[in-house]
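Asker: predicted coordinates and the sequence they were generated for:
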Amino acid sequence: MPFETADKIWMNGQLVDWDDATIHVLTHSLHYGLGVFEGIRAYETDQGAAVFRLEDHIDRLFASAKIYMIDMPFTRQELFDATVETVRVNDLPSCYIRPIAYLGYGEMGLNPLPCETDIAIATWPWGSYLGDDGVAHGVRMMISSWKRHDPNALPPAAKGTGMYINSSMAKVEALKAGYDEAILLSPQGYVSECTGENIFVIRNGTIITPPTSAGALEGITQHSVRTIAQDLGIPYETGNLLRSDLYIADEAFLSGTAAEVVPIRSVDDRSLGEPGPITRQIQQTYLDAVRGKVDRYKDWLTYVNPS
């Protein structure tokens with residue numbers, strides 16, 4: 001979806017003008033897709049902009065880099081501080097944040113070990129990823145013909161740049177078929193996740209989400225949903241799901257940093273109806289939490305201009 005520009009982007013320790021944040025055409029990651037990134041949101045609160053679960057996102061960025069054997073030239077704290085600084089200097093009350101670590105210019109070929117790592121952090125205003133109507137009434141989903149990659153081919157625990165080709169293929173297929181989003185199955189036929197979100201079904205009052213062993217990324221929003229559900233007294237389980245389990249769910253929803261919490265209206269033209277009560281309760285609590293309206297979750301927020 002289109003986005004508005006901001007004033008500055010952080011690159012390798014320096015804040016540069018948006019239009020000057022460029023790379024060489026022979027940048028290694030541009031050719032071979034070896035890089036790692038995060039998607040983070042900052043929200044408008046009554047105490048100004050606040051970044052949601054920043055420490056967890058930075059930790060996952062470093063975990064992804066470790067899996068891919070990418071050396072990080074900055075510490076966790078340095079990237080934590082750089083993220084806050086980038087949001088602050090762009091004076092954005094709310095925004096999407098994209099830290100990315102990629103292999104830079106100077107080497108070519110399949111051996112990435114000699115490459116130096118470059119890091120950038122960009123921020124920009126971004127609205128509802130799946131649209132306001134999807135947030136309110138749910139999205140139409142299809143099971144993609146593309147499978148989530150085998151964990152011994154590409155590690156699903158890493159949020160790597162090149163591996164999202166798999167997600168893009170499924171997303172394009174769904175959009176061209178008239179759906180809002182796609183669901184990918186594992187090579188074994190179990191429900192894995194959506195193109196950029198975790199998926200949840202509700203049966204008999206219990207929330208069920210696929211395990212990482214089915215190829216699902218361990219989501220930070222997913223973890224927030226689990227915590228909220230447990231605090232609300234809603235049973236929550238991790239377990240394998242078949243596509244037919246989606247068709248007969250009482251309710252279903254998806255979650256991700258970009259998407260937030262979005263109900264699922266139908267799967268493969270099997271209607272699930274309007275969003276149900278558990279979905280609505282989880283969704284509203286999450287939207288309140290990210291905006292600092294729930295005291296018990298305020299430690300999830302990093303305020304950009306703390307008083």
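Answerer: Good, I have the coordinates.

Asker: and stretch 92-107, what's buried?
Answerer: 92, 94-105 (16 or more other CB atoms under 10 Å). All C-beta spots, glycine's among them, are computed from the backbone N, C-alpha and C.

Asker: mind listing the helices for this protein?
Answerer: 28-32, 54-67, 76-90, 132-137, 165-176, 220-231, 243-247, 277-290 (DSSP state H).

Asker: helices and strands around the longest one, which ones?
Answerer: Under the contact criterion of 3 or more CB pairs under 8 Å, 6 or more residues apart in numbering; DSSP states H and E, helix 76-90 touches strand 8-11, strand 14-17, strand 48-52, helix 54-67, strand 95-103, strand 117-124.

Asker: ok, 6 Å please
Answerer: strand 8-11, helix 54-67, strand 117-124 (3 or more CB pairs under 6 Å, 6 or more residues apart in numbering; DSSP states H and E).

Asker: of all the ones you listed, which one is nearest Thr221?
Answerer: Across the helices and strands packed on helix 76-90, Thr221 has its closest neighbour in helix 54-67 (10.1 Å, CB to CB).

Asker: how about that closest one: buried residues?
Answerer: Buried, per 16+ other CB under 10 Å, within helix 54-67: 54, 57-58, 60-62, 64-65.

Asker: same deal with stretch 68-78?
Answerer: Here stretch 68-78 shows 68, 70, 72, 74 as buried, counting by 16+ other CB under 10 Å.

Asker: who's in contact with the third one?
Answerer: In other words, Met72. Shown in contact with Met72 (CB atoms under 6 Å, 6 or more residues apart in numbering): Ala65.

Asker: so how many other residues sit close to Phe200?
Answerer: 26 (other CB atoms under 10 Å).

Asker: what residues are up against it?
Answerer: With CB under 6 Å, 6+ apart, Phe200 has these contacts: 207, 209, 253.

Asker: switch the cut-off to 8 Å
Answerer: 207-209, 225, 252-255 (CB atoms under 8 Å, 6 or more residues apart in numbering).

Asker: just the pLDDT for the closest residue to it other than its chain neighbours.
Answerer: Leaving out its chain neighbours, the residue that sits closest to Phe200 by CB to CB, 6 or more residues apart in numbering is Thr209, at 4.7 Å. We have a pLDDT of 98 for Thr209.

Asker: distance of Thr209 from Ala158?
Answerer: 20 Å (CB to CB, to the nearest Å).

Asker: which one of those two has more residues nearby?
Answerer: More crowded of Thr209 and Ala158, by other CB under 10 Å: Thr209, with 25 against 19.

Asker: wait, doesn't that one sit right on Ile199?
Answerer: Yes. Contact criterion CB atoms under 8 Å: Thr209 and Ile199 qualify, at 6.7 Å.

Asker: and which of the contacts of Phe200 is nearest to Leu242?
Answerer: Taking the contacts of Phe200 together and measuring to Leu242 by CB to CB, the closest member is Ile208, at 11.4 Å.

Asker: so what pairs up with the closest one in the strands?
Answerer: Val201, Glu237 (DSSP bridges).

Asker: ok, it touching Ile202?
Answerer: Yes. With contact defined as CB under 8 Å, Ile208 counts as touching Ile202 (7.5 Å).

Asker: Asp7 reaches Asp19, doesn't it?
Answerer: No. Using CB under 8 Å as the test, Asp7 is too far from Asp19 to be in contact (10.2 Å).

Asker: more neighbours: these two, which one.
Answerer: Asp7 (13 against 8).

Asker: what pLDDT does the residue lying closest to Leu232 once chain neighbours are set aside get?
Answerer: Leaving aside its sequence neighbours, Leu232 sits nearest to Gln281 (CB to CB, 6+ apart; 6.3 Å). Looking at Gln281, its pLDDT is 98.

Asker: tell me how far Gln281 lies from Phe253.
Answerer: For Gln281 relative to Phe253 (CB to CB), the value is 11 Å.

Asker: these two: which is more packed in?
Answerer: Phe253 (29 against 14).

Asker: state the pLDDT value of that one.
Answerer: Phe253 carries a pLDDT value of 98.

Asker: same check, this time on the one 4 residues further on
Answerer: Predicted confidence (pLDDT) at Thr257: the value is 95.

Asker: contacting residues around the worst-scoring helix or strand of the chain on mean pLDDT?
Answerer: Least confident helix or strand, the chain: helix 132-137 with a mean of 91, by mean pLDDT, DSSP states H and E. Residues from elsewhere that reach helix 132-137 (CB under 8 Å, 6+ apart): 128, 180, 260, 262-263, 265, 274-275, 283.

Asker: go with 7 Å
Answerer: Helix 132-137 is contacted by residues 128, 180, 262, 265, 274 when judged by CB atoms under 7 Å, 6 or more residues apart in numbering.
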